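Novice: Everything below, folded, please.
(2 chains)
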Amino acid sequence: MIEVKALVKTYGSKRAVDGVSFSVKRGEILGFLGPNGAGKSTTMKMITGFVRPDSGTALVDGIDVLKDPVAVKRKLGYLPENAPAYPEMTVEEFLGFIAEVRGFRDAAARRAHVERAVTLTHLVTVRRQTIDTLSKGYKQRVGFAQALLHDPPVLILDEPTDGLDPNQKNEVRHLIKNMAAEKAVVLSTHILEEVEAICTRVIIISRGKLVADESPAKLLARQPGARMDEIFRSLTQSDL
Amino acid sequence: MRQVTPIFKREFVGYFRTPVAYVFMVAFLVISVALAFSRFGGFFRNGFASLDTYFGFYPWLYLFIVPAAGMRLWSEEKRSGTAELLFTLPVTTLEAVIGKFLAGWAFLALCVLLSFPMALTIAYLGSPDWGVVATSYAGAILMAGGFLGVCSLSSALTKNQVISFVVSFAFCAVLVFLGYSGFTGFLEAYLPVGVANAVSNFSFITHFSPMVRGIVDAKDVVFFLSLTAFTLFLNVVALER
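Specialist: Numbering: from 1, shown residues only, chains lettered A, B, ... in the order given. Next comes the predicted model:
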């Protein structure tokens, strides 16, 4: 579903992403790990077509993001870091806007999709509140609701559980796991237990380069007896 | 271009979701009417049932008011990160630029049209030429588009609203002053008339004042529309950069 080919992005003198390639199949949940500033978000932004790569490209469902970005965006649900949303809108208005842009023009279809997203992400109690009055956990869920509103075949989630309490984290993980069968999911995270809990594959990126791409079990088998965070540290040492 | 509609709707309604729109409208109407009634305007002293003392101040008023309306257009999206949301939705940059611009323009047009009691006033005081009133309003709305195009462009260049306001103001000030009588008089004293005229051709005032007098010349309409189109084109380039 997703094919990333040798993506490169340089900001000023810093090479943020340096030739990253990987692919994600339907049914996979890919955990995207790496220290802060390693290039996770930039890679995700390039897949979604928000940032233009200096070289390389990404294909989503066979469509090149450089050639037809709008078609790629139709297939994607994307949760940007910190889940930006228009603060003066209510949850319902905001999701209604997203539904409209996603092509659900008649009122009934729009309402049905908003209803589904609101129910899936447990936003029913706050649906008439403006987004700027919501707590961080709720805001994050609004971003999540926005990303899966059109039931996309590909989900890209930049730190989906950031700012959530342990119960909410659990719930989001369940949600992702339940949807994953017919989707390709990429999620970035700092929480290593999350990777062990839900990801079918792990990618570790350090200073813009891939340093690992395998299943969580295999990664753990690299150093028998070691914990995930120890392996993570040894792989990303150059980034300290 | 189908995607322009939802973006337009969200942006236009968005003006009214906060008190900003109401503060803005009241300020705009109070200042514009006060200027016309003041001794600088001479609305009554004028002795004619016409609105040229009202619209005469518009280029100067727009100089402050349109950058204030346009400064948040893109810089706010960039600062709050919603630009990332917007541009990962299936929308082209051009559609987003047009949708947001049209919303801002419609809002300014609404402000201008809400000055209709001024038209009623002159109708009460005398018998105005309604054709001239209509071209004045059309000119004011066209000019608002030109100003807003400039402001939309400068707000796409920065995530800071203050910088956006100042840059818009500076740009628009140049485009106003080039046609200000004091300045063109100065130019004509030192430059050949042809050159001075060419310079003042780039001014809002030069193209707006005929419309307030009831003259609709194609070149004035083309000036405003092409300025708008050109700035919006640069706006797209600035966002895609």
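Novice: Have a look at chain B and report its longest helix.
Specialist: Using DSSP state H, we find that the single longest helix of chain B is helix B:130-156.
Novice: After that helix, which helix or strand is next?
Specialist: Under the assignment DSSP states H and E, the closest C-terminal helix or strand after helix B:130-156 is helix B:161-177.
Novice: show me where chain A has helices.
Specialist: Using DSSP H, helices in chain A cover A:40-47, A:69-75, A:91-101, A:107-120, A:136-148, A:166-179, A:192-198, A:216-221, A:228-235.
Novice: tally of neighbours for the spatially closest residue to residue B:18 that is not a sequence neighbour?
Specialist: Spatial nearest neighbour of residue B:18, excluding adjacent residues (CB to CB, 6 or more residues apart in numbering or on different chains): residue A:88 at 5.4 Å. No exception for glycine: its C-beta is placed from N, CA and C like everyone else's. By the criterion of other CB atoms under 10 Å in any protein chain shown, residue A:88 has 17 neighbours.
Novice: swap in the one 4 residues further on?
Specialist: Residue A:92: 17 surrounding residues under other CB under 10 Å.
Novice: Wait, it touches residue A:126, no?
Specialist: No: look at residue A:92 against residue A:126 with CB atoms under 8 Å: they stay out of range, at 9.5 Å.
Novice: who in chain B is up against chain A?
Specialist: Within chain B, the positions lying close to chain A (CB under 8 Å from any CB of the partner chain) are B:3, B:5-7, B:9-10, B:14, B:17-18, B:80-82, B:84-85, B:87-92.
Novice: Present the helices of chain A as CSV; the columns should include mean pLDDT and distance to chain B.
Specialist: Putting the helices of chain A into CSV (pLDDT from 0 to 100; distance: least, CB to the nearest CB, whole Å) gives the following:
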stretch, mean pLDDT, distance to chain B
helix A:40-47, 92, 7
helix A:69-75, 93, 4
helix A:91-101, 95, 4
helix A:107-120, 93, 10
helix A:136-148, 91, 7
helix A:166-179, 86, 19
helix A:192-198, 84, 23
helix A:216-221, 80, 28
helix A:228-235, 80, 27
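Novice: winner for burial among the ones you listed?
Specialist: helix A:40-47 (a mean of 25; mean count of other CB atoms under 10 Å in any protein chain shown).
Novice: circling back to that earlier point, kindly state which of the helices of chain A is positioned closest to residue B:115.
Specialist: Evaluated over the helices of chain A, closeness to residue B:115 peaks at helix A:91-101, with 30.2 Å, by CB to CB.
Novice: for that closest one, packing partners?
Specialist: Helices and strands touching helix A:91-101, as assessed by 3 or more CB pairs under 8 Å, 6 or more residues apart in numbering or on different chains; DSSP states H and E, comprise helix A:107-120, helix A:136-148, helix B:4-17.
Novice: so how far is the shortest one from its chain's centroid?
Specialist: The reference is to helix A:136-148. 12 Å (CA atoms, centre = their mean, to the nearest Å).
Novice: Using CSV, write out every CA atom in that helix.
Specialist: C-alpha atoms of helix A:136-148 as CSV (Å, rounded to 0.1, in the frame of the first residue of the first chain):
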residue,chain,number,x,y,z
LYS,A,136,-5.3,17.8,25.2
GLY,A,137,-6.6,14.2,25.2
TYR,A,138,-9.8,15.3,23.6
LYS,A,139,-8.0,17.4,21.0
GLN,A,140,-5.9,14.4,20.1
ARG,A,141,-9.0,12.4,19.6
VAL,A,142,-10.5,15.1,17.4
GLY,A,143,-7.4,14.8,15.2
PHE,A,144,-7.8,11.0,15.2
ALA,A,145,-11.5,11.3,14.3
GLN,A,146,-10.6,13.6,11.4
ALA,A,147,-8.0,11.1,10.1
LEU,A,148,-10.4,8.1,10.0
